[in-house]
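S.K.: What follows is a protein structure lacking sequence information:
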């Protein structure tokens, strides 16, 4: 499996262009300047040509800034732009098929919806887990009910994979998420919807460690 | 490029599960028994898990019956099930990116929407063209206006690629399509919506040659 440096998962931005306030590439660049370590492109309402085009732009931005770049759902788009990996959900292409296509080097993230899916993820070829929604969120229409901090901790423990929390995370609760042993936090609106995405990223970074003092 | 045996494009069934009257695998099997030489899976309203699953089933059916099996739009789904190739439109993953991923052996079909897109297709890595809608169709909501027999002939000639006609083709007009020099005809409703898909396929086969007598 990939030797994924888990410190790269620390502040993980999921970019849904429909939620971006402003120009996508500008917001992503500012977020990286503010400390975002991973960018994932999640583009539900677009043609594949549009996906390939924006993914290619973001891959280029992330490459020169040593930021991990992942594509949500789509192995073919990820491969087309030489992304660092893909993030899959339970309704997506199977982890096994994805691993065959991307080879051993690329990162595969996975969002389990049950404890069983979390515990079997490592042997299926997954490198890290995205677990949530930790708190209630409005960014993802099909995100389901909040699972809470305890379920995040449990899935991290039973999977023994690097795990990031996602869903409703802000600078105010980021430290609680990190206290579960999570490797990082994933956000959408907290950065994408901010008038100052760099400042929002810096604030999230500060929030992650504030509880540890 | 692929040494695509163009005789395999002769009777080309585009399978949209939403248009199938009956059980998808049964209809496809009957259609192959009736003379269908290529099956393309086109699945717009489904999860990727569902796409991978049905594509896997159809790939197996086609493999044992020496029928070409292609996946619409999705290179990753095609690769996951060892399909024979993909079919791309102008809004899909770029032909170049698809060719890099599938390698030289797999088939790439393409639906040009202009004469320029038809004439550049061969050097971009395309193996055959799907051109249409030749006649008015209700099977594909976004198919656009019928282009007619003359535009089909022109695109076949300027591309110098094997070309199939698609859109509103029945046993009554199939011979007119073949008279343009097309390598085959592609249908959806004419087979999928028939109570007797095998009989419908046989009738289309007969219709393709009737005008040549």
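M.R.: It's in. All figures in this text were calculated on a predicted structure; none of them were measured in a lab.
S.K.: quick one: average pLDDT of the longest helix anywhere in chain A?
M.R.: Counting residues, the longest helix in chain A under DSSP state H turns out to be helix A:48-64. On average, the pLDDT along helix A:48-64 is 98.
S.K.: next one: stretch A:150-161
M.R.: Taken as a whole, stretch A:150-161 has an average pLDDT of 96.
S.K.: So residue A:20 versus residue A:66, what's the distance?
M.R.: 22 Å (CB to CB, to the nearest Å). Using the backbone N, CA and C atoms, a C-beta is placed for each residue, glycine as well.
S.K.: between the two, which one's more packed in?
M.R.: residue A:20 (19 against 9; other CB atoms under 10 Å in any protein chain shown).
S.K.: Quick check: the gap between that one and chain B.
M.R.: Plainly put, residue A:20 is 22 Å away from chain B if you go by CB to the nearest CB, to the nearest Å.
S.K.: Excluding chain neighbours, what is closest to that residue?
M.R.: residue A:192 (4.8 Å; CB to CB, 6 or more residues apart in numbering or on different chains).
S.K.: ok, that neighbour - how many residues close by?
M.R.: When neighbours are counted by other CB under 10 Å, residue A:192 comes out with 24.
S.K.: if I read this right, it contacts residue A:23, doesn't it?
M.R.: No: in this structure, residue A:192 is not within contact of residue A:23 by CB atoms under 8 Å, at 11.6 Å.
S.K.: Leaving out the residues flanking it, which one is nearest to residue A:62?
M.R.: Nearest one to residue A:62, counting by CB to CB, 6+ apart, is residue A:69 at 3.7 Å.
S.K.: Can you verify that neighbour is assigned to a strand?
M.R.: Yes: the assignment for residue A:69 is a strand, going by DSSP: H, G, I helix; E, B strand; the rest coil.
S.K.: what sits against it?
M.R.: Contact analysis of residue A:69 by CB atoms under 8 Å, 6 or more residues apart in numbering or on different chains lists A:38-41, A:58-59, A:62-63, A:83-84.
S.K.: Can you add neighbour count and give those back as CSV?
M.R.: CSV is the format used below for the contacts of residue A:69 (neighbours: other CB atoms under 10 Å in any protein chain shown):
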residue, neighbour count
A:38, 26
A:39, 24
A:40, 23
A:41, 30
A:58, 24
A:59, 22
A:62, 22
A:63, 14
A:83, 27
A:84, 22
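S.K.: tell me the two of those residues that are most distant?
M.R.: Spatial extent of the contacts of residue A:69 (CB to CB) is set by the pair A:40 and A:63 at 14.9 Å.
S.K.: so where do the helices sit in chain A?
M.R.: Counting by DSSP H, the helices of chain A are A:24-33, A:48-64, A:75-80, A:95-102, A:115-124, A:148-159, A:174-178, A:189-192, A:197-210.
S.K.: What is the first one packed up against?
M.R.: Applying 3 or more CB pairs under 8 Å, 6 or more residues apart in numbering or on different chains; DSSP states H and E, we find helix A:24-33 packed against strand A:11-15, strand A:38-41, helix A:48-64, helix A:189-192, helix A:197-210.
S.K.: can you redo those as CSV with distance to residue A:106?
M.R.: Below are those laid out as CSV (distance: least, CB to CB, whole Å):
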stretch, distance to residue A:106
strand A:11-15, 16
strand A:38-41, 13
helix A:48-64, 12
helix A:189-192, 25
helix A:197-210, 25
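S.K.: Which of the ones you listed sits closest to residue B:10?
M.R.: Proximity to residue B:10 (CB to CB) singles out helix A:48-64 among the helices and strands packed on helix A:24-33, at 28.5 Å.
S.K.: chain center to that closest one: distance?
M.R.: 16 Å (CA atoms, centre = their mean, to the nearest Å).
S.K.: So which elements touch it?
M.R.: So helix A:48-64, by 3+ CB pairs under 8 Å, 6+ apart, packs with helix A:24-33, strand A:38-41, strand A:68-72, helix A:75-80.
S.K.: just the angle between the third one and strand A:11-15, please?
M.R.: Going by axes from the mean of the first three to the mean of the last three CA atoms, to 10 degrees, strand A:68-72 is angled at 40 degrees with respect to strand A:11-15.
S.K.: Which strands border strand A:68-72, and is each parallel or antiparallel?
M.R.: Under the criterion DSSP bridges, strand A:68-72 sits next to strand A:38-41 (parallel), strand A:85-89 (parallel) in its sheet.
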